[in-house]
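Q: Let's see this in three dimensions:
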Amino acid sequence: MNLKMLGERVEGDPVLQYKIHKFMARVWLIVTLPLLALAVFEPHVWLTVGVAYVMVASNYANWATDNGAMAAANASTDEDITKFSQEE
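A: The predicted structure is shown next:
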């Protein structure tokens, strides 16, 4: 499966979008405790790991927001916006 096919599948399948967000919500919850422990007990390591973590979390938040907005826009009309955007 190439990247374009994956994008089409994610954009066009609300069930898959839900599953991805449910999985990632669990990931963020599970990762929180070890990261807090790292910040408290190894602050010098946290400086490096913390920057990378914030960068990844921010990128995921941006992607999730944009993906959700595209799905909402696609769901708000009878037109196939996804098909239109892929032809651009």
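
Q: Helices of this protein, residue ranges please.
A: 3-12, 14-41, 43-75, 81-87 (DSSP state H).

Q: Would you mind giving those as CSV with mean pLDDT added?
A: Putting the helices of the chain into CSV (pLDDT from 0 to 100) gives the following:
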stretch, mean pLDDT
helix 3-12, 76
helix 14-41, 85
helix 43-75, 84
helix 81-87, 59
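
Q: Rebuild those as a markdown table, extending it with mean neighbour count.
A: Using the backbone N, CA and C atoms, a C-beta is placed for each residue, glycine as well. A markdown table is the format used below for those (neighbours: other CB atoms under 10 Å):
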| stretch | mean neighbour count |
| --- | --- |
| helix 3-12 | 12 |
| helix 14-41 | 11 |
| helix 43-75 | 12 |
| helix 81-87 | 12 |
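
Q: Please report how far the spatially closest residue to residue 53 that is not a sequence neighbour lies from residue 69.
A: Once flanking residues are discounted, residue 53 sits nearest to residue 35: 6.2 Å by CB to CB, 6 or more residues apart in numbering. To residue 69, residue 35 is 28 Å away according to CB to CB, to the nearest Å.

Q: again, but for residue 28
A: 20 Å.

Q: What distance do you get for residue 8 to residue 33?
A: Taking CB to CB, one finds residue 8 at 36 Å from residue 33.

Q: Please read the previous query as pertaining to residue 39.
A: Following CB to CB, the distance that separates residue 39 from residue 33 is 11 Å.

Q: Next: residue 6.
A: Applying CB to CB to residue 6 and residue 33 gives a distance of 31 Å.

Q: same question, residue 68
A: Residue 68 is 27 Å from residue 33, by CB to CB.

Q: and if you look at residue 51?
A: Distance from residue 51 to residue 33, by CB to CB: 19 Å.

Q: Over to residue 46?
A: 14 Å.

Q: do residue 21 as well
A: Distance from residue 21 to residue 33, by CB to CB: 21 Å.

Q: And residue 56, by the same measure?
A: 17 Å.

Q: measure stretch 9-17 end to end?
A: Taking CA to CA, to the nearest Å, stretch 9-17 runs 9 Å from one end to the other.

Q: That's all I had, so thanks and see you.
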